[in-house]
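> Mind folding the following:
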Amino acid sequence: MPHQEVFVTLSDGLTLIARSLGSVSPLEGGAALLGLVYVLLAVRESRWCWTFAFASTALYLVVFWQTRLFMQAALQGYFLAAAIYGWFAWTRSAAERPVTTGSIASSLQALVAVILLAFVTGRILAVETHSSDPLLDAFTTWGSCYATWLQARKRRENWLWWVAVDLVIMWLCLRQGLTLTATLYGLFVGLAVLGWRAWRPKPSE
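Reported below is the predicted structural model:
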């Protein structure tokens, strides 16, 4: 993928974010900007994406806890660990750790597992907590866990998972009044499409 497309997307995204800054907290603003840099660097297969992922995640843990999206808050703890794992997993160059693609069967099995986990966890959240939207909160949590693992392993289908997960998180954020974060996740959907185009497995020799 031409890198020019990434920078055009970044410019558009920063414009949207700047327009929303007046209605958001500095905490959410910082988390959003760091998250944007993380995804852009991930598309380019830069190891430094994981440092921005760690910083953004630490801020979002507080943001989601304050808005009572408890599964999203718990998810940030997993992301902190995943960022550390990703940093070490990507120590080799892009050529030495090539992009791969899993089978359709494995993707379907993962989807069924995520849906079942989301249903069970969502029921528990509905009874035991005051979660704003327990089922979708749980779905995005388990889907994000799997997508992050795929990304750390440089599996191309991680970007398709992020399209689905980011769309749902965008809806959740809009319902909670997190305008900037919703805008950011809308941009993430576009970046995930670009990531899918950019991460092409090398043909076998």
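
> can you dump the C-alpha coordinates of stretch 182-191 into CSV?
The C-alpha trace of stretch 182-191 is given here as CSV (Å, rounded to 0.1, in the frame of the first residue of the first chain):
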residue,chain,number,x,y,z
ALA,A,182,-16.1,7.5,18.6
THR,A,183,-14.5,9.6,15.8
LEU,A,184,-11.2,7.9,16.4
TYR,A,185,-12.7,4.4,16.1
GLY,A,186,-14.5,5.4,12.9
LEU,A,187,-11.1,6.4,11.6
PHE,A,188,-9.7,3.0,12.8
VAL,A,189,-12.2,1.2,10.6
GLY,A,190,-10.7,2.9,7.5
LEU,A,191,-7.2,2.3,8.7
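
> average pLDDT for it?
Stretch 182-191 carries an average pLDDT of 86.

> cool, stretch 106-119 as well?
Here stretch 106-119 scores 93 as its mean pLDDT.

> Just the buried residues of it, please?
By neighbour count on 16 or more other CB atoms under 10 Å, the buried set for stretch 106-119 is Ser107, Ala110, Val114, Leu117, Ala118. Where C-beta positions appear, they are placed from N, C-alpha and C, glycine not excepted.

> and if you look at stretch 30-45?
Those would be 30-43, 45, for stretch 30-45 by 16+ other CB under 10 Å.

> Quick check: mean pLDDT of it?
87.

> And for stretch 158-176?
Averaged across stretch 158-176, the pLDDT comes to 90.

> Centre of the chain to the longest helix seen in the chain, how far?
The residue-count maximum for a helix in the chain (DSSP state H) belongs to helix 104-128. Relative to its parent chain, helix 104-128 has a centroid offset of 18 Å by CA atoms, centre = their mean, to the nearest Å.

> for stretch 73-86, same thing?
Centre-to-centre, stretch 73-86 and its host chain are 11 Å apart (CA atoms, centre = their mean).

> likewise stretch 33-53?
11 Å.

> cool, stretch 53-73 as well?
12 Å.

> Tell me the buried residues in it?
Going by neighbour count (16+ other CB under 10 Å), the buried part of stretch 53-73 is 53-61, 63-64, 67, 69-73.
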